[in-house]
Every structure is written in C-alpha cells, then in structure tokens.
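**Q** Could you work out the structure for the sequence below:
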Amino acid sequence: MKHFSLIIMALTAFMLGIVWVVGSGEAVQVPKNKLIYLAADSIHINLEDGEVTTEKPKADDSRETLFKEIKKLNQTVYDIKSRYMEDVDVSELVKSGIKGMLEELDRFSVLMEKQSYDRLMESTHGKYEGLGMEIDARDNHIIVVTPMEGMPASKVGLRSGDQIHEIDGQSTYKMSTSDAAKLMRGPAGTRVNLKVMREGLMEPLDFEVERAVIELKSVNYYGIIENTDIGYIRLSRFAEETGNELVEAITELNERGIAGLIFDLRSNGGGLLNQAVETAELFVPEGSLIVYTQGKSPGSERRHYSRKVPLYPDKPLAILVNEGTASASEIVAGAVQDWDRGIIMGYPTYGKGLVQQLFPIGSDDDVALKLTTAKYYIPSGRCIQKSEVSEKPGHDSAMAVEGDSVTVDSLRFDEENIYYTGAGRIVYGGGGILPDIELEDDRTAEPIEINLERKRIFFDYAVTYVANHPEAARDIVITDEILDDFKNYLKEKEFSYKTSLEISLEKMHEIVSEEKKDSIFAMAFDDFEKLIEKEKEMDFKRSEDYIKKAIKREIVGKIVGQRGIYEEVVLKTDPAVLEALELLQDGEKYTEILTEGQHPDQSQIGE
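**A** Next up is the predicted model:
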C-alpha cells in the first residue's frame, strides 16, 4: 500500500504540473541536468522553459477546483487497482490516463516514451535507419510531407501529399506519427510495404521500400548556374550544422562574384528553430525581428531577432517554396518576405507553426510530455500555423485537412487576412506563406510515370545501362536509340500498370458478371480493351520528355552522384529554377515586384 500511495502522489504532482502550465500559464521548472532543445520542425519540439505570468487564474482554474479534480483522478486509479476483477499494471494504467487526457488537446501534444525521444534526437543529430521522409498526421491518416532527396522514399517515387493508408498491412487510420515512424523504421536492407492513396488516382498504390541508413544533410548542393552569375543553394532541412554549412556555401559563392541567388527550400520539412534564425540572419538586416512565439498568456511572448550583419545583405534573392515547405522553412521564407529582402516563388507552403515544450515526467527518463504551448508568428504578425478546418490554398486534396475549401483568391480578398511588410506591401495570412509569384503547375504526373517511379524502373535501368556502357558521361544525351533500349527493357521486365479507364472497366466487368450479362457485353469489353492497349502506347509518347529526363537523372546519378543531377538536370530543366533565374537576370522586373504597392506608412512590423 505504501508503494501504491507513492505512485498516487507522483501522479498528483504530475497533474498539478500540467495544470500549472496549460491552465494558469505558470512555468514548469525543467531540471538543470536536462538538455534544453529548441526546434521548429515537422514534429515541433521546443524545450525552452515557459514564461512566468502573474495573471490571476480564472475561477474554474482555482487551486480548490484543481485539487477537487485531482481527487477524482486519484480515486479512480485507486478503485481500479483495488477493486477491478483482475490485476492491473499501475504504470500502464497511468500512461493510458495521460494519453486519454492528451486526446482532448491538439494532435501534436503526446506522451513521448524514451524510444520516441531517442528518434527525435536522431533527426537533428546525425543518422538513423529508415525510409527518409518527413510525415504528419492529417485527415485521420499519415501523409508524406517531404521525401528526402536521394533517400529510399524519394527513389521509389513517394511524393509530398501522398496519404499512407497501410504500413505492412496495418491501417494508419487515426495512427500517430510516432507509431507510424516506429513501423517504418528498421534495420537497413529490410523492406516495408506501404499502401498509398494519391490525389487524382482511384486506386491505391503499393510501394515496397528498402530501408537504408539515412544521412541527415542540410545543404545538398550549392554552385553557380552554368553560363550565368547566379548562385543556387539547395537546403533540405534545418539541423545542427545548417548555419555553418550555409555560411561556407554563401561565402564561396560571394567570392566567386555571384550577382543573384536562388535559395531552394522546396520540400524542406523544417528542423531546429535556432538554425532557422541563423539562416534568416544571413539575409535580413541586423536587429530585424525574425520570428516570435505567443502562447495563451500575454507574458508568454518570445521574440527572436537577427544578431549578426548579414552575409548576403543586398543582392537579388529568390526563394523557391512549395507545399512541402514547412515550419522552420516557413520562418525563413516569411522573414525574407516580410522584410522585403527577396522574392518568394512557387506554391503556398504547408502551414506548420506550433511551438511545443518537452516536460520530463518522473526521474527515470522513461517518458516525457510533449505539449503544444504556443504558435509561431513572422514579423508582419502572420501566424504560420494553418487552421485545421480549412484546406490550404493551392494544395491538392491529398494535402488538405477536413473542412471547407479556402482558395488563394478568397484569402486575398479577406480583410482579416491582410498584413503589411516592412515596406508596406500587402501580404496575406491564413496559414503558411503565400508566394509573391505563384508558379503554374503546368502538368500532372501520368499513370505511366507514377508506376515507373514507384517500381524503381528508371533506377534499375540506369544501373544496367551504366554497367553496359562504362563510357557514359555526365553530359549524356538521351537519344531515340536509348529510348528504344528502355522500351525493350520494359518488355523484358514485363512492366505493366493500370490506367484509370482500365480500373473503371474492371469494376464494370464485375457488375456485368454479377448480373450474369457477360455475353451481352462481351464484344464491347473486347473493343474497350483494345482501345486501352492503344491508349497505353500513346501514354509513353505523351510522357516521352518526362521519361527522358528521368532516365538521364538516374544515369547521371550513377556516374557522378547527386551533384551531377543538380548540374546536369535540375539547373538546366527544372521550370521553377529557370523562372527564378530569368527573374534574377531581369533587374527591372525584380525591383518592380519588390516595390510595387509599397506604402511605408502601413507597415506594422516593429510595433
């Protein structure tokens, strides 16, 4: 009984700590030997101590009410332990109680056990074994936020916005991101099967992905675009060494005399908050507000300012973003936009901006409470976090959350979502960052392209091609001869896929069979099947440009690695990069975009 009483006392103390933090706004004291860890990523960790407030608690948050409610909890635990018909593990009982309380909060407030915490540390400190992608829980399923470049998830063709419905046959319905990550991680060389739904497709896609050692890089590539004086930096995440890697990259590019810079944050799912601040410091004036957080109490606001003279202070800057640009990436893009320091190009960003604190529970380090305590705001006052009840503007429905649709146009005409930059330009709120120049999504991936990527056909063909053509060089041109060779390779591998029409025809066939009318429709089905085969032949022709580019990408990657892919494929053919390059080379247009609609008297930054 004495041992059980100690457990109840510990639970009571824990409950008191939670209510002090989320109820009255008072600070929980993090032990001195605990690591203080700050992050702004797809799992939103922030281990800073909370702010103290002297606000009087509301009537229903009084200590009398607190202890009255805790008494109910204590009595329930005692009754279950003492009177339930079977023995109960008190530790598991308490954990279940805590998880039950957290279900009433947002989806990011969770009980984090030691294994989950260790994985969190891996994501910013080095390497782990898994698939290499950022995930999130949206619309009752797990979605892919960002497949990491060159990692298994990316290689098999998983995309931002894909909904993962099953992991090795286990449904992800209402599954947490931590549980999904646990299923997808494992020893390098082992495989995991994913069932994925993708917007625009009627049937799920099956992926078999081989796990690998995931090296956590920040700067994937930097260099100068061939025959220009425009630099390019690709940043895929914000980890411990991001600031140092960027300083090295920008210093070298400055020494080489660049006249403009393309900073590619597409599909960058976030990372450490302090590294986001250090990154923004490279571009915005010293002393500029970069981001601030605001919790429930007025005294909880925290502001982060640039503390350094910028390394790239005044030359033209274009930042590329898309629907996979999230959290820390949005902080950087938002600060650059709000200080009129550069032009944001691409698609509306993800809209992920919740601050969380990690509170140790007990003294054995087995569990910790990860609790949402605030939101991120950029200098203009816009909140990064997108509302859970509306669809992100510009996103396909696979990336959307439940609720009504809100389009970009509707945001632009909603006065409640109008904000002003430092120079008084109008920018729009509503969650995420709306780019200054929205790029057109001029093509949708065809079923043949999806299946060639999903089944790693391009990768496998490149391995075979390079083995048979050791003379192949990085500047290889994909000729009609190579294309014919690829077609023969597809036949050898018995490559097949189903079109939307084919899937619909199969369903119709089932209905006809159930109605026992096969003989009536037999000729019609034969005609349709012939048409489908002809359509597939046309599919290859329509996707020929994509196929050539994908073959080249993989062959170049096998010959010279990721750097070669950037220099021979991305920087020469990527539509967004080419549009940014054109803009930076047109000084008049660049200046016009940054100055058009300026009303300095409207600026609210710094108030």
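**Q** Sort out which residues of the biggest helix by length in the chain are buried, please.
**A** Looking across the chain with DSSP state H, the single longest helix is helix 518-542. Across helix 518-542, burial judged by 16 or more other Cβ atoms under 10 Å covers 521, 528, 536, 539-540. Yep, even glycine has a C-beta here, placed from its N, CA and C like the rest.
**Q** quick one: the strands in the stretch 401-550 of the chain?
**A** 404-405, 418-420, 426-428, 437-438 (DSSP state E, counting those that start in this stretch).
**Q** could I get the ones you listed as TSV with distance to Leu194 and mean neighbour count?
**A** As requested, the strands of the stretch 401-550 of the chain are arranged in TSV below (distance: least, Cβ to Cβ, whole Å; neighbours: other Cβ atoms under 10 Å):
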stretch	distance to Leu194	mean neighbour count
strand 404-405	27	10
strand 418-420	39	19
strand 426-428	35	18
strand 437-438	31	14
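**Q** Out of those strands, which gets the lowest mean score?
**A** Lowest mean pLDDT within the strands of the stretch 401-550 of the chain: strand 404-405, a mean of 26.
**Q** still on that earlier bit, can you list the strands of the stretch 401-550 of the chain in a markdown table and add distance to Val213?
**A** What follows is these, written out as a markdown table (distance: least, Cβ to Cβ, whole Å):
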| stretch | distance to Val213 |
| --- | --- |
| strand 404-405 | 41 |
| strand 418-420 | 43 |
| strand 426-428 | 41 |
| strand 437-438 | 38 |
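**Q** Give the rounded mean pLDDT of stretch 542-560.
**A** 92.
**Q** can you start the count at 55 instead of 1 from here on
**A** With the count now opening at 55, the last piece we talked about shows up as stretch 596-614.
**Q** if we can go back for a sec, give me the helices and strands touching the longest helix of the chain, please.
**A** helix 501-508, helix 554-568 (3 or more Cβ pairs under 8 Å, 6 or more residues apart in numbering; DSSP states H and E).
**Q** Looking at the buried residues of helix 572-596, which is nearest Thr426?
**A** For the buried residues of helix 572-596, the residue nearest Thr426 by Cβ to Cβ is Asp593; the value is 46.0 Å.
**Q** State the distance from that closest one to Asn505.
**A** As judged by Cβ to Cβ, to the nearest Å, Asp593 and Asn505 stand 10 Å apart.
**Q** Also Met155?
**A** For Met155, the distance to Asn505 - Cβ to Cβ - is 45 Å.
**Q** Looking at the two, which one has more neighbours?
**A** In terms of neighbours (other Cβ atoms under 10 Å), Asn505 is the more surrounded of Met155 and Asn505; the figures are 18 against 15.
**Q** Leaving out sequence neighbours, find the closest residue to the more buried one.
**A** Closest residue in space to Asn505, ignoring its immediate chain neighbours: Tyr551 at 3.8 Å, by Cβ to Cβ, 6 or more residues apart in numbering.
**Q** Now do the contacts for that neighbour.
**A** Shown in contact with Tyr551 (Cβ atoms under 8 Å, 6 or more residues apart in numbering): 501-502, 504-505.
**Q** and the two most separated of those residues?
**A** Across the contacts of Tyr551 (Cβ to Cβ), the longest gap, 7.3 Å, separates Ile502 and Ile504.
**Q** Using PDB, write out the CA atom coordinates for stretch 580-590.
**A** Only the C-alpha atoms of stretch 580-590 are listed here, as PDB (Å, rounded to 0.1, in the frame of the first residue of the first chain):
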ATOM      1  CA  ASP A 580     -13.100  -6.600 -76.200                       C
ATOM      2  CA  ASP A 581     -13.300  -3.300 -78.000                       C
ATOM      3  CA  PHE A 582     -12.600  -1.300 -74.900                       C
ATOM      4  CA  GLU A 583      -9.600  -3.500 -74.000                       C
ATOM      5  CA  LYS A 584      -8.100  -2.900 -77.500                       C
ATOM      6  CA  LEU A 585      -8.600   0.800 -77.000                       C
ATOM      7  CA  ILE A 586      -6.800   0.700 -73.600                       C
ATOM      8  CA  GLU A 587      -3.800  -1.000 -75.200                       C
ATOM      9  CA  LYS A 588      -3.600   1.700 -77.800                       C
ATOM     10  CA  GLU A 589      -4.000   4.300 -75.200                       C
ATOM     11  CA  LYS A 590      -1.100   2.900 -73.200                       C
END
